[in-house]
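Asker: Have a look at this prediction, sequence included:
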Amino acid sequence: GTYTENLSVVDKNIHLASLYLTTGDTSKITSTIVYGGYVTSTINISSTSGEEAGSVKITGLTIQGGGANTFDHHGGAILINDNRSLTLRGCIIQGSQASIGGGLYSNNTDSLMIHNSIFRNNYGNEHGGGLYVTGQGDYFMINNSLVHDNSVGIFDGGGLYLDGNHKKIILHTNVAYNVI
């Protein structure tokens, strides 16, 4: 079903998942939708201490409708700040918008891993239509994924904008048809 939510995950270890996690049925990905209603980030993952806390996993969800047309925030679909780790597996991140990081904005995340996921039709007004990764951290890895048809309005990074001191690993991933 479709769940109209703006989720806030603060200092937590949590695994958000559809039945894809237990059944392997890929139809569960497109039929389990978290819709943000274009108010703010659909999923906001943060730390109150300013220290890297919490390990978050998201599996088999479609996350969409994040951000507001005022473009006064970062991370349309997913915003993650000062967190230990985020792992996305088998997710579709689509139809979201923000000032920076229409699909995903990550700052000071120790480990950011994306597997078997799709980032499409997201918009970043300034940078990072699909994903924007910055700050301190060990590594960013995207594997066996698609980043396509995302766009940025003013500067650069239609599909990916990778900054910061992370080790950046891109494996078996197509980054195509993104617009600057």
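Answerer: Cool, the structure landed. Residues are numbered from 1 along each chain as shown.

Asker: close enough to count as contact, Thr40 and His73?
Answerer: Yes - assessed by Cβ atoms under 8 Å, Thr40 is found in contact with His73 at 6.1 Å. Quick note: C-beta positions are derived from backbone N, CA and C, even for glycine.

Asker: what stretches of the protein score poorly on pLDDT?
Answerer: Residues of the chain meeting the criterion pLDDT under 70: 50-53.

Asker: what do Thr40 and His73 both touch?
Answerer: Contact with both Thr40 and His73 is made by residues Gly67, according to Cβ atoms under 8 Å, 6 or more residues apart in numbering.

Asker: what's around the residue lying closest to His15 once chain neighbours are set aside, how many residues?
Answerer: In this structure, His15 finds its nearest non-sequential neighbour in Lys57, 4.3 Å apart by Cβ to Cβ, 6 or more residues apart in numbering. Other residues within reach of Lys57, judged by other Cβ atoms under 10 Å, total 16.

Asker: Tell me the helices and strands packed up against the helix or strand that contains Lys57.
Answerer: Using DSSP states H and E, Lys57 maps to strand 53-59. Helices and strands touching strand 53-59, by 3 or more Cβ pairs under 8 Å, 6 or more residues apart in numbering; DSSP states H and E, are strand 7-10, strand 14-17, strand 43-46, strand 78-89.

Asker: need those in CSV with mean neighbour count, can you?
Answerer: As requested, those are arranged in CSV below (neighbours: other Cβ atoms under 10 Å):
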stretch, mean neighbour count
strand 7-10, 16
strand 14-17, 15
strand 43-46, 23
strand 78-89, 22
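
Asker: and the residue of the chain most remote from its centre, what is it in contact with?
Answerer: Here the chain reaches farthest from its C-alpha mean at Thr23, the gap being 23.5 Å by Cα atoms, centre = their mean. Not one residue lies near Thr23 by Cβ under 8 Å, 6+ apart.

Asker: Kindly report the same for the one 5 residues further on.
Answerer: Residues counted as contacts of Lys28 (Cβ under 8 Å, 6+ apart) are 18-20, 60.
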